[in-house]
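Enquirer: here's my sequence, what's the structure:
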Amino acid sequence: MAESLQSQLRKHLAALTAAGVEFVPVAPPAPAGLFRSSASESAPDPDADRRRQLQVVATDAAKCDRCPALFSTRTQVVFGGGPVSPDILFLGDAPWADDDRDGQPFRGEAGALLDKILAAMGLSRAEVYLTTAIKCRPPRNRPPTADECGHCRGYLDRQLELIRPRAVCCLGETAARALLGVSGGIRTLRGQTHDHAGTPVVCTHHPQEVIQNAALKRPVWDDMLRLLKLLGRVPPAK
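Expert: Okay, the predicted model is just below:
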């Protein structure tokens with residue numbers, strides 16, 4: 001077949017010469033990616049639908065007016081953020097003043113301490129999902145009431161369903177009570193592994209508590225080690 005093709009090419013060139021054609025233009029190279037397969041161009045994002053549904057839930061939460069004391073004083077709804085399918089979802093009680101201003105949970109001094117804890121665990125804020133039991137800041141940063149947590153429970157449940165973390169860490173007594181439906185204090189809830197709809201849950205002190213009481217650093221770190229062990233991870237060597 002190769003000889004036949006060469007023969008045809010010689011005949012074609014001879015015909016061009018006979019017709020007075022003295023040169024044959026060379027085609028420019030094809031643009032990069034011209035022959036890229038359509039499969040690589042339109043590779044599906046398996047998490048795109050879950051992110052879209054999360055945005056719908058966030059939009060619904062932004063319209064919520066079930067708690068008059070919160071709806072009338074909030075700057076904005078602080079829904080939370082992070083990747084879907086993370087190793088850990090950290091759950092706080094409610095947005096604080098810095099969160100209400102920036103629109104993201106765990107800002108300010110407590111957030112800075114949480115970032116240090118994450119770094120010691122070999123993680124970053126970008127690798128975990130951060131949210132709170134209620135999505136509006138209570139006046140004067142007071143703890144949210146049981147009714148307020150109940151009004152927001154639907155949004156939290158949908159977050160957990162769509163995000164699908166491997167584990168949840170409740171930061172503080174209010175967050176633990178809101179998620180687990182228990183009445184114990186944080187000192188009785190920490191130090192063990194709980195369960196929420198098949199997802200392991202570890203409870204520990206809120207970073208703000210640690211700022212106010214340095215003696216809590218050791219217990220919180222023990223809880224983080226428990227969390228890492230559940231995930232089959234170890235903290236990086238210092």
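Enquirer: check the secondary structure at Val168 for me.
Expert: strand (DSSP: H, G, I helix; E, B strand; the rest coil).
Enquirer: then Ala119?
Expert: helix.
Enquirer: count of neighbours near it?
Expert: 13 (other Cβ atoms under 10 Å). No exception for glycine: its C-beta is placed from N, CA and C like everyone else's.
Enquirer: distance check, it against Lys229.
Expert: Computed as Cβ to Cβ, to the nearest Å, the Ala119 to Lys229 distance reads 18 Å.
Enquirer: so where do the helices sit in this protein?
Expert: In the chain, the segments counted as helices under DSSP state H are 2-18, 38-41, 48-62, 68-71, 97-102, 108-120, 146-163, 173-180, 186-189, 207-212, 217-230.
Enquirer: hey, which of these is tucked in deepest?
Expert: helix 173-180 (a mean of 24; mean count of other Cβ atoms under 10 Å).
Enquirer: packing partners of that helix?
Expert: Using 3 or more Cβ pairs under 8 Å, 6 or more residues apart in numbering; DSSP states H and E as the contact test, the elements touching helix 173-180 are strand 88-92, helix 146-163, strand 167-171, helix 186-189, strand 193-196, strand 199-204.
Enquirer: got the contact list for that helix?
Expert: 91-94, 132-134, 143-144, 146, 149, 153, 156, 168, 170, 182-186, 189, 194, 196, 201, 203, 206 (Cβ atoms under 8 Å, 6 or more residues apart in numbering).
Enquirer: any low-confidence regions in the protein?
Expert: 1-43 (pLDDT under 70).
Enquirer: apply 50 and report the result again.
Expert: Applying pLDDT under 50 to the chain flags the ranges 1-2, 30, 33-35, 37-40.
Enquirer: now the helices of the chain as CSV including distance to Pro139?
Expert: CSV is the format used below for the helices of the chain (distance: least, Cβ to Cβ, whole Å):
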stretch, distance to Pro139
helix 2-18, 84
helix 38-41, 51
helix 48-62, 19
helix 68-71, 7
helix 97-102, 10
helix 108-120, 17
helix 146-163, 11
helix 173-180, 15
helix 186-189, 23
helix 207-212, 17
helix 217-230, 28
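Enquirer: what's the closest of these to Ser85?
Expert: For the helices of the chain, the distance to Ser85 is smallest for helix 146-163, at 7.2 Å, taking Cβ to Cβ.
Enquirer: what angle do that closest one and strand 167-171 make?
Expert: With axes from the mean of the first three to the mean of the last three Cα atoms, to 10 degrees applied, the angle from helix 146-163 to strand 167-171 works out at 150 degrees.
Enquirer: can you give me the angle helix 146-163 makes with strand 199-204?
Expert: 130 degrees.
Enquirer: which strands or helices does helix 146-163 pack on?
Expert: Helix 146-163 packs on helix 48-62, strand 88-92, strand 129-132, helix 173-180, going by 3+ Cβ pairs under 8 Å, 6+ apart.
Enquirer: next, the angle from it to strand 88-92.
Expert: Going by the same axes, to 10 degrees, helix 146-163 makes 170 degrees with strand 88-92.
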